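Novice: Coordinates only, no sequence provided:
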């Protein structure tokens, strides 16, 4: 019986103010301040939102840790994450899609994962580890010279995107501190410039994720003070996904959180309240985001299988 973990990068962070001016100031306050290993801060599990873990099979060991970036990267990077595993036979790992670009280092390869609008699955076996960088929504845009919608549903070698070479580290048995310090230094070397449009998009994505009352693109556009078309253009360029996708994904994850908390959900009423055409429409989107229909989530939550 396959055991797997679903994890998201909807983890909260206290390192960045919601004020636009202070966030833009972060990248100029300490020029060249590369993260030292002694300063690496673990982000506690208690502050991570949206992490969903299924029970692990016998003989399976996995760990997921998240670390805060240096001051120079806080406007762009939400956190670094490291997954280590030691498993026997093949195990399937699934990741819920999210409005964030990830850069990973694994097996001598440095890859950029664009926003995948469906569940991402991979099979792991044996012993291994991967270091990832979770960029803030729109946080990867200052690192590249192309719109982020060109990376949608794609995995691209970092060398084809970044301005400065980002070689895979040559550590024999690296610690978490070694990996995080290396990734931080390599990203600082890219010298990303503060971009007020990126921060503007970050705030809007955060608003869509946190405010359950936002169910339509026109509501988010009104908050932003722009037309729906302008909002869509900015999101496609800077976030890499449409505002409609961001909103629908956020509302689905709100339902996942409610179900995990033991709430009884009227799915037909939820579909109406959350802006879906009908319950069938909600079920389709829910399956695209979560990977399973609502019934599977209800059964898992009732067994205590989802945390």
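Specialist: Nice, thanks for sending it over. Everything numeric here is computed off the predicted structure, so don't read it as measured data. Numbers count the residues shown, from 1 in each chain.
Novice: how about the host helix or strand of residue 252: buried residues?
Specialist: Under the criterion of DSSP states H and E, residue 252 resides in helix 243-260. Using 16 or more other C-beta atoms under 10 Å as the test for burial, helix 243-260 gives 243-256, 259-260. To be clear about C-beta, it is placed using only N, CA and C from the backbone, and glycine gets the same treatment.
Novice: between the residues you listed, which is closest to residue 153?
Specialist: Taking C-beta to C-beta as the measure, residue 153 lies nearest residue 245 of the buried residues of helix 243-260, at 11.4 Å.
Novice: ok, now which ones touch the closest one?
Specialist: Residues near residue 245 by C-beta atoms under 8 Å, 6 or more residues apart in numbering: 99, 117.
Novice: Give me the distance between it and residue 252.
Specialist: Separation of residue 245 from residue 252 (C-beta to C-beta, to the nearest Å): 11 Å.
Novice: same check, this time on residue 202
Specialist: 21 Å.
Novice: mind checking how far whichever helix or strand comes after the helix holding residue 252 is from the chain centre?
Specialist: Downstream of helix 243-260, the next assigned helix or strand under DSSP H and E is helix 267-273. Mean-position distance between helix 267-273 and its chain equals 26 Å (C-alpha atoms, centre = their mean, to the nearest Å).
Novice: and if you look at stretch 202-217?
Specialist: Computed by C-alpha atoms, centre = their mean, the separation of stretch 202-217 from the middle of its chain amounts to 16 Å.
Novice: Same question for stretch 128-138.
Specialist: Computed by C-alpha atoms, centre = their mean, the chain-centroid distance of stretch 128-138 equals 8 Å.
Novice: Tell me which residues of that stretch come out buried.
Specialist: If you call a residue buried by 16+ other C-beta under 10 Å, then stretch 128-138 has these buried ones: 129, 130, 131, 132, 133, 134, 135, 136, 137, 138.
Novice: Point out the ones among those that are inside helices.
Specialist: Counting by DSSP state H, those place none of their members in helices.
Novice: Now that we have those, can you turn them into a markdown table and tack on pLDDT and distance to residue 163?
Specialist: Below are the buried residues of stretch 128-138 laid out as a markdown table (pLDDT from 0 to 100; distance: C-beta to C-beta, whole Å):
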| residue | pLDDT | distance to residue 163 |
| --- | --- | --- |
| 129 | 86 | 27 |
| 130 | 90 | 24 |
| 131 | 93 | 21 |
| 132 | 93 | 21 |
| 133 | 96 | 16 |
| 134 | 95 | 21 |
| 135 | 97 | 16 |
| 136 | 96 | 19 |
| 137 | 96 | 21 |
| 138 | 97 | 18 |
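Novice: ranges for the helices of the stretch 151-300 of the chain?
Specialist: Per DSSP state H, counting those that start in this stretch, the stretch 151-300 of the chain carries helices over the ranges 176-188, 196-210, 217-224, 228-234, 243-260, 267-273, 279-290, 294-302.
Novice: Using CSV, please lay out those together with mean pLDDT and distance to residue 150.
Specialist: Formatted as CSV, the helices of the stretch 151-300 of the chain follow (pLDDT from 0 to 100; distance: least, C-beta to C-beta, whole Å):
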stretch, mean pLDDT, distance to residue 150
helix 176-188, 93, 20
helix 196-210, 96, 16
helix 217-224, 97, 21
helix 228-234, 97, 14
helix 243-260, 90, 16
helix 267-273, 91, 33
helix 279-290, 88, 21
helix 294-302, 68, 33
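Novice: For the ones you listed, could you give me JSON lines that also reports distance to residue 66?
Specialist: Formatted as JSON lines, the helices of the stretch 151-300 of the chain follow (distance: least, C-beta to C-beta, whole Å):
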{"stretch": "helix 176-188", "distance to residue 66": "10"}
{"stretch": "helix 196-210", "distance to residue 66": "17"}
{"stretch": "helix 217-224", "distance to residue 66": "28"}
{"stretch": "helix 228-234", "distance to residue 66": "28"}
{"stretch": "helix 243-260", "distance to residue 66": "18"}
{"stretch": "helix 267-273", "distance to residue 66": "30"}
{"stretch": "helix 279-290", "distance to residue 66": "21"}
{"stretch": "helix 294-302", "distance to residue 66": "24"}
